[in-house]
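Trainee: Just the structure for this:
(one chain, ligands or ions: 1)
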Amino acid sequence: MDSDRKPLEDVIPDTYNSRERFLAACARKPLSRPPIWVMRQAGRYLPEYRELKGKYDFVTMVQTPELATRVTLQPIQRFGFDAAIMFSDILVIPEAMGQPYSFRKQGGIAMEYAVSSQTQIDALTPENIPEKLNYVAETIKLTRKELGDKTALIGFGGAPWTLAVYMVEGGSSAHFAKIKSLFYSAPDLFESLMRKVTTALIRYFEMQIASGVDAIQLFDSWGSLLTENSYWDASGKYLAEIVSAVNKRVPMILFSKGTHHWVDKLRRINCDVYSLDWTASLAKFHDAMGGRVAVQGNLDPVVLNTEPEIVRREALKILNDFGTRKGHIFNLGHGILPDAKIACVEELISTVQSYNIR
Ligand code: CP3
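Mentor: Predicted structure coming up:
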């Protein structure tokens, strides 16, 4: 009977390869199962990463396209994730503008200095981004060549707010008093810093798109430091400016940690995909956005430090809870931890990749 017939799109067999599946999820097309990748999938939990890290330091790996490509491909070759994320760091932007970063022995980030004056802000050079970060363009091209059209390739950058946190605090911080004080009490200084960072990011993303990325993820890992009233002025409006400049050439994913309650502000940023931490319900957020965006997430990363049967149980909760809604990319709620177990990651991939929504 005609009235029983499903819409044509729902009966098309789902024969997508990984890249097509990833892009279809971003565009909220019906899929038999979501694509999967995990934040920080190339990192210290992988023995092959630790081996390479024994020979080269982090910054050398990031700045050498052959090494960065090798690291990007490691989790794809081992697990068959549906998307690769280029191996780099959000801190290459301050570095390219003249403020280098390094790692503290006890863990955490150390910037070479803390930005505190107009003179220091004036000295930052967003104009040089394409030349200074040419190694990122080379990494993207090399990785694309290796992946072909089979696996999606994600580019990324830090949100202006999250980068400003590191730049003004001078590295990892406990109370974030410097960046918040700058925002509250020196709006002109704050604005001129954000202009430089936003300009740099727009140039950087133009370059990533020209080099062949399929999507871009914005990391606003420190979004939740802000109040609901300040989120738009301190972070959201700069993100919206970047998304508008990219102008739908590739899907934009926003990971804004701890802010999923601020639905109206997130909607105004106008991303295609919202990556949610583990405290959110993917289904509730998707419904609150009127089903007009895709979501990414949101297994608690600590689950991957437990046991495979627990991984399967928790992953199925997320899959079943999202149900037949359209637009889900399976991921973690934040980066995978260094003590995640390989067997748990294997179980996660097989649970998601063998899942069938119907
Ligand atoms: O997801 C991926 O696999 C791509 C690579 C990637 C890295 N950093 C590699 C990396 C991505 C997307 C990032 C983003 C990043 N970098 C963010 C936003 C995401 C988040 O986790 O919130 C932030 C805040 C940074 C800054 C940064 N870089 C931190 C806080 C650290 C950890 C410092 C510490 O205490 O160890 C890094 C280092 C870093 N970046 C590592 C990796 C794999 C670990 C370096 C190592 O020890 O090998």
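
Trainee: and residue 173, that one's in a helix?
Mentor: No: checked against DSSP: H, G, I helix; E, B strand; the rest coil, residue 173 lies outside a helix; its state is coil.

Trainee: Determine the three-state secondary structure at the residue lying closest to it once chain neighbours are set aside.
Mentor: Computed as CB to CB, 6 or more residues apart in numbering, the closest residue to residue 173 that is not its neighbour in sequence is residue 165, at 7.2 Å. The way it works is simple: take the backbone N, C-alpha and C, and place the C-beta from them, glycine included. Under three-state DSSP, residue 165 falls in the helix class.

Trainee: repeat for residue 153
Mentor: strand.

Trainee: Can you name the residues of the stretch 1-150 of the chain that neighbour the ligand?
Mentor: Within the stretch 1-150 of the chain, the positions adjacent to the ligand are 39-44, 53, 58, 85, 87, 89-91, 103, 107-109 by CB under 6 Å from any ligand atom.

Trainee: Among these, name the buried ones.
Mentor: 39-43, 53, 85, 87, 89-91, 109 (16 or more other CB atoms under 10 Å).

Trainee: just the strands in the stretch 101-250 of the chain please.
Mentor: Under the criterion DSSP state E, counting those that start in this stretch, the stretch 101-250 of the chain carries strands at the ranges 101-103, 109-111, 152-158, 215-220.

Trainee: Show the secondary-structure elements that the last one is packed against.
Mentor: Here strand 215-220 is seen to pack against helix 18-26, strand 152-158, helix 160-169, helix 187-211, helix 237-246, strand 252-256 when contacts are counted using 3 or more CB pairs under 8 Å, 6 or more residues apart in numbering; DSSP states H and E.

Trainee: quick one, what contacts the most centrally placed residue in the chain?
Mentor: Centrality entry for the chain: nearest residue to the mean C-alpha point is residue 217, 4.0 Å, by CA atoms, centre = their mean. By CB atoms under 8 Å, 6 or more residues apart in numbering, residue 217 lies in contact with 85, 154-156, 252-255, 275.

Trainee: that older thread, would you list the helices and strands packed on strand 215-220 in JSON lines and tack on distance to residue 315 and mean neighbour count?
Mentor: Listed next are the helices and strands packed on strand 215-220 as JSON lines, based on distance: least, CB to CB, whole Å; neighbours: other CB atoms under 10 Å:
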{"stretch": "helix 18-26", "distance to residue 315": "16", "mean neighbour count": "22"}
{"stretch": "strand 152-158", "distance to residue 315": "20", "mean neighbour count": "23"}
{"stretch": "helix 160-169", "distance to residue 315": "28", "mean neighbour count": "26"}
{"stretch": "helix 187-211", "distance to residue 315": "30", "mean neighbour count": "19"}
{"stretch": "helix 237-246", "distance to residue 315": "29", "mean neighbour count": "19"}
{"stretch": "strand 252-256", "distance to residue 315": "19", "mean neighbour count": "26"}
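
Trainee: Now the residue of the chain found nearest the ligand: phi and psi?
Mentor: The nearest approach of the chain to the ligand comes at residue 221, 3.2 Å away (CB to the nearest ligand atom). When quoted as degrees, to the nearest 10, the phi and psi of residue 221 stand at phi -60, psi -20.

Trainee: OK, contacts around it?
Mentor: Here residue 221 is in contact with 158-159, 162, 255, 257, 334 (CB under 8 Å, 6+ apart).

Trainee: Go again with 7 Å.
Mentor: 162, 257 (CB atoms under 7 Å, 6 or more residues apart in numbering).

Trainee: I'd like the distance from it to residue 98, if you could.
Mentor: Residue 221 sits 23 Å away from residue 98 when distances are taken as CB to CB, to the nearest Å.

Trainee: ditto for residue 297
Mentor: Taking CB to CB, one finds residue 297 at 35 Å from residue 98.

Trainee: Mind checking which of the two has more residues around it?
Mentor: Higher neighbour count among residue 297 and residue 98: residue 297, with 26 against 15, using other CB atoms under 10 Å.

Trainee: Would you agree the more buried one is in contact with residue 279?
Mentor: No: with contacts counted by CB atoms under 7 Å, residue 297 stays clear of residue 279, the gap being 10.2 Å.

Trainee: Low-confidence stretches in this protein?
Mentor: 1-13 (pLDDT under 70).

Trainee: How much space separates the residue nearest to residue 173 from residue 91?
Mentor: 11 Å.

Trainee: Am I right that residue 314 is in contact with residue 299?
Mentor: Yes: counting by CB under 7 Å, residue 314 does reach residue 299; the two are 6.1 Å apart.

Trainee: Which one's more surrounded, these two?
Mentor: The residue with more neighbours, out of residue 314 and residue 299, is residue 299; 23 against 18, by other CB under 10 Å.

Trainee: Tell me which residues touch that one, please.
Mentor: So residue 299 contacts 278, 314-315, 318, 332-333 (CB under 7 Å, 6+ apart).
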